[in-house]
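Colleague: What follows is a predicted protein model with its sequence.
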Amino acid sequence: MKKLFLAAASLMVLGSLAPAGAADLAARPYTKAPVMAPAPLPTWAGFYLGLQGGGGWGRSDETFLGAPNAVGFAGTQRYDFNGGFVGGVIGYNWQVDNVVFGLEGDYHWADISGRSSEINLGAGDSYFTKLRGFGDIKGRLGYAAGPALFFISGGAAVGDLQHRYDPGLFGAAFGASQSDWRWGWTIGAGAEYMFAQNWSAKLEYNYLDFGKSSLQYTPTIGDRSEWKDTIHTVKAGIVYHFGGPGVSRY
């Protein structure tokens, strides 16, 4: 009798627990994992300001005009010049989807110079060219791929050029020097990378053609030289963008 009573009590306890456990499982709330919002992509639109510098190498093509050339005189000289520069840049970009276009201006203080070989045999005279500064105003067209921007550029260029004839054994009276600002043109290409909020690093190549410069000699008024100067530049820089790091996915 006692065993029957214990068995009946056990069944009652188990019966009361089973419905309660099922009710607890049904009542547990179910929540979905939160959806991660995509990180905003950089925008290249707006004003920007930066510092940049690099190196340049070019060529001076000199042509002597005036008196007939002597046998030992090389009337045309072609020689190289090279050096470094540092400067700043300012511009504005517009952006439509992945296409970026804008206007940019920059200026650089430069020390890029070179000298010809001896002109008259045994006289020690030579020509000298120095680019003391240069800048440009150009348009840019680029493609934005996330934090990277690839672009081409082109426009007007200006250079502060000095040309000089050093007479050597002929004496200082025959020397001549001329400094002037020459307008020309430039084309180039480069890339930028947005490495932090509002900040990008850039690397750019440009070819610049400053046209022709003229130097009048003294005391022979009728004699002069003309130079045609071209230069290649590679520059790196850091740029601050006032438009922000990015607010939307274009």
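Modeller: All right, it came through fine. Numbering: from 1, shown residues only.
Colleague: and residue 53, how many neighbours does it have?
Modeller: Residues near residue 53, counting by other C-beta atoms under 10 Å, number 15. Any C-beta I mention is one placed from the backbone N, CA and C, and that applies to glycine too.
Colleague: Check residue 200 too.
Modeller: By other C-beta under 10 Å, neighbour count at residue 200 equals 22.
Colleague: again with residue 171
Modeller: Residues near residue 171, counting by other C-beta under 10 Å, number 8.
Colleague: what's across from residue 136 in the sheet?
Modeller: Assessed by DSSP bridges, residue 136 has beta-bridge partners residue 106, residue 157.
Colleague: start at 592 instead
Modeller: In the new count, where the first residue is 592, that last one comes out as residue 727.
Colleague: residue contacts, it?
Modeller: Shown in contact with residue 727 (C-beta atoms under 8 Å, 6 or more residues apart in numbering): 696-697, 746-749, 777, 797, 799.
Colleague: pLDDT wise, what is it at?
Modeller: Listed pLDDT for residue 727 reads 97.
Colleague: swap in residue 807?
Modeller: 81.
Colleague: For the closest residue to it other than its chain neighbours, which residues are in contact?
Modeller: Using C-beta to C-beta, 6 or more residues apart in numbering and skipping the chain neighbours, the partner closest in space to residue 807 is residue 815 (4.8 Å). Counting by C-beta under 8 Å, 6+ apart, residue 815 touches 655-657, 805-808.
Colleague: Please flag which of the residues you listed sit within strands.
Modeller: Judged by DSSP state E, the subset of the contacts of residue 815 located in strands is 655-656, 805-807.
Colleague: wait, which of those is closest to residue 721?
Modeller: residue 806 (12.9 Å; C-beta to C-beta).
Colleague: And for that closest one, nearest residue in space, chain neighbours not counted?
Modeller: Residue 806 sits nearest to residue 769 (C-beta to C-beta, 6+ apart), 4.3 Å away.
Colleague: What of residue 691?
Modeller: Using C-beta to C-beta, 6+ apart, the nearest residue to residue 691 is residue 733, at 4.3 Å.
Colleague: Can you spell out which residues form a bridge with that neighbour?
Modeller: Using DSSP bridges, the bridge partners assigned to residue 733 are residue 691, residue 742.
Colleague: check contacts around it.
Modeller: Per C-beta under 8 Å, 6+ apart, neighbours of residue 733: 635, 690-692, 740-743.
Colleague: can I assume residue 708 sits in a helix?
Modeller: No. Per DSSP: H, G, I helix; E, B strand; the rest coil, residue 708 lies outside any helix segment and is coil.
Colleague: Quick check, it in contact with residue 717.
Modeller: Yes. If you go by C-beta atoms under 8 Å, residue 708 and residue 717 touch, sitting 6.9 Å apart.
Colleague: who has more neighbours, the two?
Modeller: Neighbour count, other C-beta under 10 Å: between residue 708 and residue 717, residue 717 has more, with 18 against 10.
Colleague: and residue 834, helix, strand or coil?
Modeller: For residue 834, the assignment made with three-state DSSP gives coil.
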